[in-house]
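Novice: one predicted model, sequence on top.
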Amino acid sequence: MAKREVEGEEYRDISSPNRSVTAKNRVLCEPEWNFEIGSSIINSMQSDFKKIEEKIDKLASATTRGFEKVDKRFGSIDKRFAGIDKKFSGIDERFDGIDRRFDGMDKKFEGKFDDLAAMIQRGFEETASKTELGEVKSELGEVKVRLDRVENILLRDRTNRIERIEDKLLQVEVLLGQRFK
């Protein structure tokens, strides 16, 4: 018996027409070869291989069809995204137009807002304060009192004049002997 070592394991050849090999002192033996059984096994293996190839072909065609469906689906999705991109491009162009309009308005009103702010500030500087308004209110109160006095004086004066006119009218009536009422 011949011994040989492969990767630290000891193999031993046993001389027989049907070769047997041992690995780690374990004997693996091949049975005697029977051609009838062997050819039937080979034939069944060949038919199994044909069945396997047919299954592989069926799976390959099914996979191909699946990929074609997926490609169609992705194509339709790509078309949708292209449409959405066009819409966003249109919206983007509109915003650019609006932005240009605002830039034009900024240029148009550039100094006017500063001028307006300065005018408003000057206006507030000239506006009366609370104390000044309080003084005006008290002066208006004094004016009201004076107007009331003037009104009373004028009313008394008018009343006196009317009474004098009525007295004179009575005297004229008495003189004429008639009453005008």
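Specialist: Done, it's in.
Novice: just the element for Asp71, please.
Specialist: helix 35-108 (DSSP states H and E).
Novice: flag the shaky bits of this structure, pLDDT-wise.
Specialist: Within the chain, the stretches with pLDDT under 70 are 1-38, 41, 126-128, 178-181.
Novice: let's go with 50 and repeat that
Specialist: Across the chain, the ranges flagged by pLDDT under 50 are 1, 16-30.
Novice: domain map for it?
Specialist: Dividing the chain into domains by automatic domain parsing, as the record does, gives the ranges 1-33, 35-127.
Novice: and after the helix holding Asp71, which helix or strand comes next?
Specialist: helix 110-126.
Novice: tell me the angle of that following helix relative to helix 35-108?
Specialist: 50 degrees (axes from the mean of the first three to the mean of the last three CA atoms, to 10 degrees).
Novice: quick one: the next helix-or-strand element following helix 110-126 to chain centroid distance?
Specialist: Downstream of helix 110-126, the next assigned helix or strand under DSSP H and E is helix 130-176. Here helix 130-176 is found 74 Å from its chain centre; the criterion is CA atoms, centre = their mean, to the nearest Å.
Novice: and if you look at stretch 91-99?
Specialist: With CA atoms, centre = their mean, you get 17 Å for stretch 91-99.
Novice: dump that stretch to CSV, restricted to CA.
Specialist: Taking only C-alpha atoms (Å, rounded to 0.1, in the frame of the first residue of the first chain), the coordinates of stretch 91-99 have been written out as CSV:
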residue,chain,number,x,y,z
ILE,A,91,-43.6,76.8,-12.4
ASP,A,92,-39.9,77.7,-12.2
GLU,A,93,-40.2,80.0,-15.2
ARG,A,94,-43.2,81.7,-13.6
PHE,A,95,-41.3,82.3,-10.4
ASP,A,96,-38.4,83.7,-12.4
GLY,A,97,-40.9,86.1,-14.0
ILE,A,98,-42.3,87.1,-10.7
ASP,A,99,-38.8,87.6,-9.4
